[in-house]
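> sequence plus the predicted model coming up.
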Amino acid sequence: MRVAGRFGMTSTLFGAASVATGVITLPKLASAAESNYEKRFKKEPKHTLKFGPDGLSAERLLIQRSGELFWSQDIEERTDGEIRIEFIGSGQICNQLDCIKKCQQGIIDIYSSSTQNAAGSAPYLNVLDYAYVFPTRASQYYFFYHPRSEQLLREPMRRIHGIVCLHTHAELRNMMMGLKYNESKDLTKIEDLFGTKNRVTGTQLGRIAMQLMNLNPVPIAWEETLDGLKQGLVDGAETWSSASAFANMGPVIAQDVGLEFFSGNHLSGMRIQTYESLSPELQDAVMESAYTSQVMVQHANEASLVNVVGASSPQHPNTHYSQHNVRYVPYSAEEKKKCQELCSPEFVPEPWEKWRDRINNWAKGLDTYTEVFNIAREIPETMLAEHVEPRRWWKS
């Protein structure tokens, strides 16, 4: 805070991100912050944009590599300072449930949050939440790069909710089971979870899947989830692996159970009025920075899942999970198929019909579930996420 008081919070965060490996001393941080300050303030910007990335900070962005600071630095450098970002992280201006709303209202220009939590103010984001529509993280990245993501996600988000989608991280949501499962066997079968009571996000479609799998969804705000697990108010919580690590869930969970039953995305978006106020050249720069950030996130978060979080079997030492004795329990292909048959629109269509019709109407009559399902299967299920070829989705 002393350094931020002199050089500003954004320059300090940029500095912290650049020296985050090793021991960060006050002189080292001050030097990095000063360097960033001088570079960022060498000229007067044409546009100063406020970025509210919910509770993310430089430290947390080294665990979940969702690219918000990276994009902020890249757009400033790419535009030679014509765009300056005021990065207001750590929940100072908004939280998971209201960042997108504040962006829509013009309080901030750019937001970042879970698509599931943002769905309260932008319900079209439920298009990502059909159960088992994405078989792998690779299929998620493939979809976000795909030119059809314009019709199926990006254009409706601009038209209905006033948000230009920039970049996103991609994981699949698991069940984080509390400490009562510390001494139990690995929960490798869906029957092991039948009847448990579990926290669910703001997603309407995620609740349908959990109800069909007898997982008793209980809506709890993200900021209250840790206490809910600690106090035993719920048996578990649905979220993705890197989110459990950056929220420091390790001390209150025993197993990360790999249902991978619907999409987990920390997506960044820009208010459409802000985007349209930029010159065509700066709009191009925004998209190029979004593309560059998407490529970085695709590779960096995959590495972080293994080397920082511990979401692998076997686990690496000195990860968040290994330090807190959290077991990573992936489901077999057979078990995932069983879950899919219990809850996905492919096998149990009726509970999804109301929301499916609603989303299809917003998408001008497209059969969104079938379209996304087919695109996600254009690549083999064995493909690694880091092997998905990046594409400029707006040019392809």
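The structure has been received and is ready for your questions.
> grab the longest helix from this protein for me.
The residue-count maximum for a helix in the chain (DSSP state H) belongs to helix 280-304.
> what pLDDT, on average, does that helix get?
For helix 280-304, mean pLDDT is 98.
> tell me who's in contact with residue 285.
For residue 285, the contact set (C-beta atoms under 8 Å, 6 or more residues apart in numbering) comprises 75, 78, 79, 83. Any C-beta I mention is one placed from the backbone N, CA and C, and that applies to glycine too.
> and these as CSV, adding secondary structure?
Below are the contacts of residue 285 laid out as CSV (DSSP: H, G, I helix; E, B strand; the rest coil):
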residue, secondary structure
75, helix
78, helix
79, coil
83, strand
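> quick check, nearest of these to residue 217?
For the contacts of residue 285, the minimum distance to residue 217 (C-beta to C-beta) is 37.7 Å, reached by residue 75.
> buried sites along the longest helix of the chain?
Within helix 280-304, the residues scored as buried using 16 or more other C-beta atoms under 10 Å are 282, 285-287, 289-294, 296-298, 300-302, 304.
> counting neighbours, which of the contacts of residue 285 comes out on top?
When neighbours are taken as other C-beta atoms under 10 Å, the top entry among these is residue 75 (25 neighbours).
> how far away is it from residue 261?
Residue 75 sits 34 Å away from residue 261 when distances are taken as C-beta to C-beta, to the nearest Å.
> residue 86 belongs to a helix?
No. Secondary structure assignment places residue 86 outside any helix; it is strand (three-state DSSP).
> tell me which element the closest residue to it other than its chain neighbours falls in.
Closest residue in space to residue 86, ignoring its immediate chain neighbours: residue 50 at 4.9 Å, by C-beta to C-beta, 6 or more residues apart in numbering. Element membership for residue 50 (DSSP states H and E) is strand 47-52.
> for residue 346, state which of the contacts of residue 285 is nearest.
Each of the contacts of residue 285 was scored against residue 346 by C-beta to C-beta, and residue 75 proved nearest at 39.9 Å.
> how about the residue nearest to the closest one when sequence neighbours are not counted, what does it touch?
Distance criterion C-beta to C-beta, 6+ apart; nearest residue to residue 75, sequence neighbours excluded, is residue 289 at 4.3 Å. The neighbours of residue 289, taking C-beta under 8 Å, 6+ apart as the test, are 71, 74, 75, 78, 166.
> now, the most widely separated pair of those residues?
Farthest-apart pair in these is 78 and 166; separation 13.3 Å (C-beta to C-beta).
> that older thread, can you list the strands that the strand holding residue 50 pairs with?
For strand 47-52, the pairing partners within the sheet under DSSP bridges are strand 83-87 (parallel), strand 110-114 (parallel).
> figure out which of these is closest to residue 175.
Distances from residue 175 to each of these were compared by C-beta to C-beta, and the smallest falls on strand 110-114, at 16.1 Å.
> show residues contacting the closest one.
Strand 110-114 is touched from outside by 49-54, 56, 66, 68, 85, 94, 96-97, 99-100, 102-103, 118, 166, 201, 222, 243, 264-271, 274, with contacts defined as C-beta under 8 Å, 6+ apart.
> go ahead and confirm residue 53 touches residue 87.
Yes. Using C-beta atoms under 8 Å, residue 53 is in contact with residue 87, at 7.1 Å.
> overlap in contacts, the two.
Jointly contacting residue 53 and residue 87 under the rule C-beta under 8 Å, 6+ apart are residue 68.
> neighbour-wise, which of those two wins?
Taking other C-beta under 10 Å, residue 53 and residue 87 do not tie; residue 53 has more neighbours (30 against 27).
> let me see the domain layout of this structure.
Per automatic domain parsing, the domain ranges recorded for the chain read 2-122+154-169+265-306, 172-263+308-387.
> closest to residue 139 out of those domains?
The closest approach between residue 139 and any of these, judged by C-beta to C-beta, belongs to domain 172-263+308-387 at 3.9 Å.
> that closest one: end-to-end distance?
Chord length of domain 172-263+308-387, first to last residue, is 17 Å (C-alpha to C-alpha, to the nearest Å).
> let me know the average pLDDT across that domain.
On average, the pLDDT along domain 172-263+308-387 is 96.
> distance between it and the chain's centre?
Put simply, domain 172-263+308-387 sits 13 Å off its chain's centre (C-alpha atoms, centre = their mean, to the nearest Å).
> how about stretch 69-87?
Using C-alpha atoms, centre = their mean, the offset of stretch 69-87 from its chain centre is 21 Å.
> how about the strands in the stretch 201-350 of the chain?
Ranges of strands within the stretch 201-350 of the chain are 217-219, 236-239, 253-258, 263-264, 266-271, 327-330, based on DSSP state E, counting those that start in this stretch.
> great, nothing more from me.
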